[in-house]
Structure formats: C-alpha cells, structure tokens
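Asker: With the input below, show me the fold.
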Amino acid sequence: MTSQVGRLYAAAIAILVFFVIWATVSARPWKTAAPDPRLQQLALRRQALKRETTLVNQVLALRAKAAASTSSTAAKHAVRVVTLPPLTITRTS
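Answerer: Predicted structure coming up:
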C-alpha cells in the first residue's frame, strides 16, 4: 500500500470497526438486566390495592343491603322540611 488514498481508506475502515466493536462491547448484550426493585414494589402495591378494593366492595354491598332493608321502614315515617329564618347576631363593641 504505497497509495495515500489506500492508506486513508484503511484507516477509516479501522476506525469504523473500532467504534462498532466498542459500541457492541459497551452495550453488553450478553448480560441480563437485574429486575428493577421499583417494579417489584409497584406489583406489591397493586396487590394491596386489589385486596383493599375487594374489601371496600364487600362493605358497600353490605351497606346497600342494609339501606334497602331500612328504606322500607323509613318510608313509614313522615319527613317534614322546615325552613327557619337565618340567625344573625350583631354586636357592637
């Protein structure tokens, strides 16, 4: 290789190969990533929320059942709406 252009091409190809190998090695595709602890905490929080949701739904169902049974007895009592005048107290010092 006595040609100057040939030397430039060889140098450019060598530099290109060097950077491609460097990028491949720095990416470490053979190494598996460790599980993120935040994702594990998120999964635990999701499970806790599911349990809490089922409990809340059970409580709401019991309240609805109790309200249905008391609504029949509440219908027997008459409800009277009373409007009172506003209470205003003004004092001077």
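Asker: Return the residues in contact with L55.
Answerer: If you count contacts by CB atoms under 8 Å, 6 or more residues apart in numbering, L55 has none. Any C-beta I mention is one placed from the backbone N, CA and C, and that applies to glycine too.
Asker: State the distance from it to L49.
Answerer: Using CB to CB, to the nearest Å, we find L55 at a distance of 11 Å from L49.
Asker: Equivalent analysis for A66, please.
Answerer: Counting by CB to CB, the gap from A66 to L49 is 26 Å.
Asker: which element is V59 on?
Answerer: helix 37-74 (DSSP states H and E).
Asker: brain fart, F19
Answerer: helix 4-27.
Asker: avg pLDDT for that helix?
Answerer: For helix 4-27, mean pLDDT is 94.
Asker: again, but for stretch 38-53
Answerer: On average, stretch 38-53 scores 96.
Asker: how far out from the middle of the chain is that stretch?
Answerer: Here the centre of stretch 38-53 is set off from its chain's centre by 10 Å, with CA atoms, centre = their mean, to the nearest Å.
Asker: Kindly export that stretch (C-alpha atoms) in CSV.
Answerer: What follows is stretch 38-53, C-alpha atoms only, in CSV (Å, rounded to 0.1, in the frame of the first residue of the first chain):
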residue,chain,number,x,y,z
ARG,A,38,-39.4,-0.3,41.9
LEU,A,39,-41.4,-2.6,39.6
GLN,A,40,-41.5,-5.2,42.4
GLN,A,41,-42.8,-2.5,44.9
LEU,A,42,-45.3,-1.5,42.3
ALA,A,43,-46.6,-5.1,41.9
LEU,A,44,-46.9,-5.4,45.7
ARG,A,45,-48.8,-2.1,45.8
ARG,A,46,-51.1,-3.3,43.1
GLN,A,47,-51.9,-6.5,45.0
ALA,A,48,-52.6,-4.5,48.2
LEU,A,49,-54.9,-2.2,46.3
LYS,A,50,-56.8,-5.2,44.8
ARG,A,51,-57.3,-6.6,48.3
GLU,A,52,-58.5,-3.2,49.6
THR,A,53,-60.8,-2.9,46.6
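Asker: buried stuff in it?
Answerer: Judged by neighbour count (16 or more other CB atoms under 10 Å), stretch 38-53 contains no buried residues.
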